[in-house]
Each structure stands twice: as structure tokens, then as C-alpha cells.
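S.K.: Build me a model from this:
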Amino acid sequence: GVYRRVGGTEARHADCRLIAATHRDLPQLVREEKFRSDLYYRINAFPIGLPPLRDRPADIGLLADNVRAALGWLLENDADACLRLATAVRGLWRMHGPFREGLQWLDAALARSRSAPAEVRSMALSGAGSLAQHLGDLVAARRYFDESLRVGREAGDTRRVGLASCSLGTIALQQGDLAT
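M.R.: Just a heads-up that it's a prediction; the model follows:
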């Protein structure tokens, strides 16, 4: 395409492709003037609709294979990045299983990660606790959430502290540990 710099007079040429994705209803946001209409019409030249993953169960296996390959490589080459990826896909494991595999990846990444930020470690610990809870291992779940709570407190992450505290309360209720 041809464009001109702001304030410039010289026509310039560019050959690029832009791929953008969102889960938001952009036409609605344009109508509400929460998204620029000129930008919307520029990026909406060739829309590709893709249903959410929950509506494409056949794709989950392929996605899981790719995630496993990426996690395996990252675990050997960049444990901190592995921890971030394992934490990011924990929702996939929670929704579609396999819970035990997800927990194993998070455990391995947590064990090898040395310099991940406290927020990432706390989130990973919370994800591991959630997976352990789904597996019915409440002792392990409590251990993960306790550690998530500790790391969250040290980092001053009040959101993570609140989530870990609620999860610990749920586990205590499940184990009958609440005083009446």
C-alpha cells in the first residue's frame, strides 16, 4: 500500500499483512464509540471468523500436542518461559483435562524456574493447586495454595493473596476443617 507520514508530502510504499484477533464485539464497540471506526474498517478488510475452542473439541488434541512440544523445549532451554506458558494454559487443562499432566508440567517448571517474577510463581502455584484440587488431592492443593499465599504476600499481590485465601477456605470446607 501507499501511505504518507503525518505532516509529510512524500508517498511511501509498504507491503505488510496485519492479523488481529479479539473476543470482543468490535462492531458494537464502534457503535458505542469505544473503538475507532476508521481503525475498525482498516483492520476488517478480510475477516476470518473462528469459533471459540469450546465449540471445536476436535482441535483440542492438536493444540495440546503443540503445547506439549513447546513446554518440553522450554523446560530444557528456558524454565522461566516454560513456567509462564504452563501457567497460561492451565485453564485449558482445567477445562479439558488431563489434570495430572498439567500438574506435572507446572511442577517441573516450578522446580526449574529460578528468576520468574513472584506474580508468575504465585499464579503457577495457584494453578497447580487448582489442578490438584480437581484431582481430589486436597493435601497437595493446600500445600500449593499455602505457597501461593506466601509468595503473593511477599510480592504485595493482594489479588493473588485473596484468591489463594478463598481457595484455602474452600479446601478447609471440603476437609471439614472449619470451626463452627
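
S.K.: alpha carbons only for contacts and neighbour counts from here, please
M.R.: Noted.

S.K.: Check which helices and strands the host helix or strand of Ile171 is in contact with.
M.R.: Assigned by DSSP states H and E, Ile171 belongs to helix 158-175. Contacts defined by 3 or more C-alpha pairs under 8 Å, 6 or more residues apart in numbering; DSSP states H and E place helix 158-175 against helix 118-134, helix 138-155.

S.K.: on contacts alone, who are the packing partners of the first one?
M.R.: What it means is helix 118-134. Using 3+ C-alpha pairs under 8 Å, 6+ apart: helix 118-134 touches helix 79-88, helix 90-96, helix 99-112, helix 138-155, helix 158-175.

S.K.: Just the buried positions in that helix, please.
M.R.: If you call a residue buried by 16 or more other C-alpha atoms under 10 Å, then helix 118-134 has these buried ones: 118-133.

S.K.: for those residues, which one is nearest Ala14?
M.R.: Among the buried residues of helix 118-134, Val120 lies closest to Ala14 (C-alpha to C-alpha), at 38.5 Å.

S.K.: tell me the contacts of the closest one?
M.R.: Going by C-alpha atoms under 8 Å, 6 or more residues apart in numbering, Val120 touches Leu83, Arg84, Thr87.

S.K.: Rank those residues by pLDDT and give me only the lowest.
M.R.: Taken together, these show their lowest pLDDT at Thr87, with 85.

S.K.: can you tell me how far that residue sits from Ala108?
M.R.: Going from Thr87 to Ala108 by C-alpha to C-alpha, to the nearest Å gives 12 Å.

S.K.: Looking at these two, which one has more neighbours?
M.R.: Ranked by neighbour count (other C-alpha atoms under 10 Å), Thr87 and Ala108 place Thr87 first, with 24 against 16.

S.K.: Quick check, that one in contact with Ala124.
M.R.: Yes: using C-alpha atoms under 8 Å, Thr87 is in contact with Ala124, at 5.1 Å.

S.K.: between the two, what contacts are shared?
M.R.: Shared contacts of Thr87 and Ala124, defined by C-alpha under 8 Å, 6+ apart, are found at Leu106.

S.K.: Now for Leu178: which residues touch it?
M.R.: Residues near Leu178 by C-alpha under 8 Å, 6+ apart: Ala172.
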